[in-house]
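Asks: kindly return the folded structure for what I paste below:
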Amino acid sequence: MTGDVRPASGSWPHWHGPAPARGAALAALSVVGLLCFVPTALAAALGAGGTVLRLRRLPLLRRRLAAAWSGVDIPEPYASPVSAPQPREGGWFRQGRRLYASEKAALRKRRARQVSRDRATLRDLVWLLVDPLLCAPVALLPAALVGCGLAGLTAVLWWQVSWPALGAAVLGVPLLLVGFAAGPWALRAHGRLTKRLLSPGGVAGGPGPGWWTWPRRAAQGLGAAVLLCLLALCGFLLALFQLMALVLSVPLGLVPVFAWAVEPSRRLTGLWRELLGEWAGADIPAPYRPRPDPPAQRADGHYAYGRHLHSNPTLPRWLTTRRRLLGDPATWRDLLWLLLNPFVCAVLLLGPAAMVALVVRWGAGGPGLALGVPPAVLAVWVTPYALRGLAAWSALLLAPTRKTQLARRVEQLTATRAEASGVQTAELRRIERDLHDGAQTRLVAIGMTLRAIERRLDGQSPELLEMVAEARENSAAALADLRALVRGVHPPVLAERGLADAVRALALGHPLAVDVSVDLPGRPAPPVAACAYFSVSEALSNAAKHSGAERVRVVLRHAAGALWITVTDDGRGGADPTLGSGLRGIQRRLATFDGLLDVASPPGGPTTLTMELPCVLSSARTSTSSEKD
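Replies: Have a look, this model is predicted:
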């Protein structure tokens, strides 16, 4: 006999001897898959991508067997394999925002990220639960009929010749024939059911949404209920581990333990969000705060956390991570949800699943089947609504609150504004470069040409010489105005030497005596540096025009995550931001970056302007801008 079980169109499938044995083998593999469910779910929840990929061999084997034994091709909807990370500078391997010393660690993290975002992993988990209940009985039916037939035929060997033995033998023949004849059909049906569960779409050319739709949804709903109950139990254990880690981390000083406990919990809640989104249609976004930037190295080579300096960035990074997790309200909402979720799942989901299990048990006894079918149908019908109720309950704690949404909106607007300011600064620098390299160069060339014309004339035409001299003077004046305009658009010294040297250059060209004191361990971002420079320039201009001062002192320092600028003059005082446009202009300029201006100017002086600009300095010292006078 051939091994092809695909029937010809419009004909009865050929008799296939090994089909019942193959069906029994498929049923045995279903039991093996049920045993693999728990390790696969735990590996997916904890982000063990390598373990999930190894356990994925069972669904791949079932796809190949479905193609070879059932004639049903089941596509593999998995994401393409991840590529090996490439070494960066210093031999490090990057994955996301972190660097790893070994390629295996970076590849393991990359696989875990891929598996956690692959919907085919969730589909495999549901299949591992539903396959023994729905597909295995179909594959095992021919083998059961053949077994009953063989038992009837061998009854006369075990019993004495009697009418019951002869009746069993006579009944065994048709059971044996029906078992072998139904084998190919059972394999075909088993392959189609497996394809329904493992593939993203339905079977092309298969039965439409008729009799199959409701049983499929019922099986999927029951499988989802069992899976979510098991995941809720895993979450409860993770919550207990998180509470223990909190005690070990905060009072006892084991700093990284709490982060190690929170990370699997967040992975599990992320898996719950995906499952509830796919099965209950709930969209529950993650409300977690973004990861902070790694601690920056100071000019002296140390890493700061608060008022303490560390020679290694490991402990400051751990402390920063723990502070972020402890201060994130989503951490405590997740913990409360993990502790209460098993009890909610027991109420909403275990009831329908237990009712179906009782019906199966009653059905084995015979008479109780008729009484148990209506409650079982009701339980299956209630399951989708129970999933929606579970999604609504989860959204109460897992979804971002109104306050969190507003905070994230503010962060988004701040990032958008910073990006817009960066684009504006880049555009101003482009304009400055074009003016410097284009119009300014041409004016210089025009001046040189006019000078050459003057030398050629050499007193031949006094009127013409006078016109050329006037044109040369106008060209020189236009060049001076253009240079002043370039410095007003974006001073070249600000881009080349930094804020400190740019303010020093501003002080050197000021009519008053200006003292500059700088204590900056790095450079601020270019938009912030430009804002600070022009604010100091406006303050010095106001002091020269209105204060009657003789000396001005400018202090630049960085503290508490902000750039502080103090401009103090010994003038007459009485400055009021509500009366003059200069101070109002400084206020508007600082407000673009959430900066503040404080004016202390009593009558008789002195006048002190204190400007605060939130910013983060770069770690590198690239100029004298970080020196202190």
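
Asks: can you verify Ala181 is assigned to a strand?
Replies: No - per DSSP: H, G, I helix; E, B strand; the rest coil, Ala181 lies outside any strand segment and is helix.

Asks: residues near it, how many?
Replies: Other residues within reach of Ala181, judged by other CB atoms under 10 Å, total 16. Just so you know, the C-beta spots here come from the backbone N, C-alpha and C atoms, and that holds for glycine as well.

Asks: Asp293 now?
Replies: Quick note: Asp293 (other CB under 10 Å) scores 9 neighbours.

Asks: is it in a helix, a strand, or coil?
Replies: Assigned by three-state DSSP, the conformation of Asp293 is coil.

Asks: for the residue nearest to it when sequence neighbours are not counted, give me the pLDDT.
Replies: Using CB to CB, 6 or more residues apart in numbering and skipping the chain neighbours, the partner closest in space to Asp293 is Val616 (7.6 Å). Looking at Val616, its pLDDT reads 78.

Asks: again, but for Ala600
Replies: 88.

Asks: got the phi and psi for it?
Replies: phi -120, psi 100 (degrees, to the nearest 10).

Asks: again, but for Gln297
Replies: The phi/psi pair for Gln297 (degrees, to the nearest 10) is phi -80, psi 130.

Asks: that one touches Leu309, doesn't it?
Replies: No - contact criterion CB atoms under 8 Å: Gln297 and Leu309 do not qualify, at 10.8 Å.

Asks: picking that back up, what about the residue nearest to Asp293, which SS state?
Replies: Val616 ends up coil, using three-state DSSP.

Asks: who are the contact partners of it?
Replies: Counting by CB atoms under 8 Å, 6 or more residues apart in numbering, Val616 touches Asp293, Ala296, Pro524, Ala525, Gly561.

Asks: next one: it from Gly522, what distance?
Replies: 9 Å (CB to CB, to the nearest Å).

Asks: so for those two, which residues contact both of them?
Replies: With CB under 8 Å, 6+ apart, Val616 and Gly522 have common neighbours Ala296.

Asks: which of the contacts of Val616 tops the neighbour count?
Replies: In the contacts of Val616, the most neighbours by other CB under 10 Å go to Pro524, 23 neighbours.

Asks: ok, that one - contacts?
Replies: Contacts of Pro524 by CB under 8 Å, 6+ apart are Leu499, Ala532, His558, Leu563, Leu613, Cys615, Val616, Leu617, Ser618.

Asks: if you rank the residues you listed by neighbours, which is first?
Replies: Leu499 (27 neighbours).

Asks: ok, now which ones touch it?
Replies: Each residue near Leu499 by CB under 8 Å, 6+ apart is listed here: Leu520, Arg523, Pro524, Ala529, Ala532, Tyr533, Leu556, Ser625.

Asks: over to Leu617?
Replies: Residues counted as contacts of Leu617 (CB under 8 Å, 6+ apart) are Ala296, Leu520, Pro521, Gly522, Arg523, Pro524, His558.

Asks: now the spatially closest residue to it that is not a sequence neighbour, what's its secondary structure?
Replies: Leaving out its chain neighbours, the residue that sits closest to Leu617 by CB to CB, 6+ apart is Gly522, at 3.4 Å. What three-state DSSP gives for Gly522 is coil.
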